[in-house]
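Asks: got a sequence here, can you build the structure:
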Amino acid sequence: MPGALRGREINPDIFGSMIQAVAGDEERGALGMHYTSVPNNILKVLNPLFLDDLREQLAAAGDNGRSLLNLRKRMAKIRVFDPACGSGNFLVIAYDYKLGSACRCD
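Replies: Model prediction:
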């Protein structure tokens, strides 16, 4: 479809860059907006919160169907909140890594 917007093709860094350009340091600080651009920085938060544990449980489950199903159910209940109210890059990265883990449970 010509002109159709494909969200997966848009790098979330674009939105963070726009926020950095439009909102000044004072405004971003007053609103609690923070842009975390590098996935490694985001993973420093996500890994100890839940990703490390999910990886361990996935490895322990092996090919056990019941264990994999239980892990998938647990992952479906995980919710991620981004209090910084920036571009959403933090949430996009969290979703991508959570989804990647879920796909390995299939």
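Asks: any stretches of the protein with poor pLDDT?
Replies: Within the chain, the ranges that satisfy pLDDT under 70 run 1-9, 12, 37, 84-86, 101-106.
Asks: does the residue most central in space within it belong to a helix, a strand or coil?
Replies: Nearest to the mean C-alpha position of the chain, by CA atoms, centre = their mean, lies Ala94 at 1.3 Å. Secondary structure assignment for Ala94 (DSSP: H, G, I helix; E, B strand; the rest coil): helix.
Asks: who touches it in this structure?
Replies: Ile42, Leu46, Val80, Asp82 (CB atoms under 8 Å, 6 or more residues apart in numbering). The way it works is simple: take the backbone N, C-alpha and C, and place the C-beta from them, glycine included.
Asks: what's the helix or strand for the second one?
Replies: Pointing back at Leu46 there. Using DSSP states H and E, Leu46 sits in helix 39-46.
Asks: any idea how far the residue nearest to the centre of the chain is from Gly100?
Replies: 11 Å (CB to CB, to the nearest Å).
Asks: try Leu54
Replies: Distance from Leu54 to Gly100, by CB to CB: 10 Å.
Asks: these two: which is more packed in?
Replies: More neighbours surround Leu54 than the other of Leu54 and Gly100, with 22 against 11 (other CB atoms under 10 Å).
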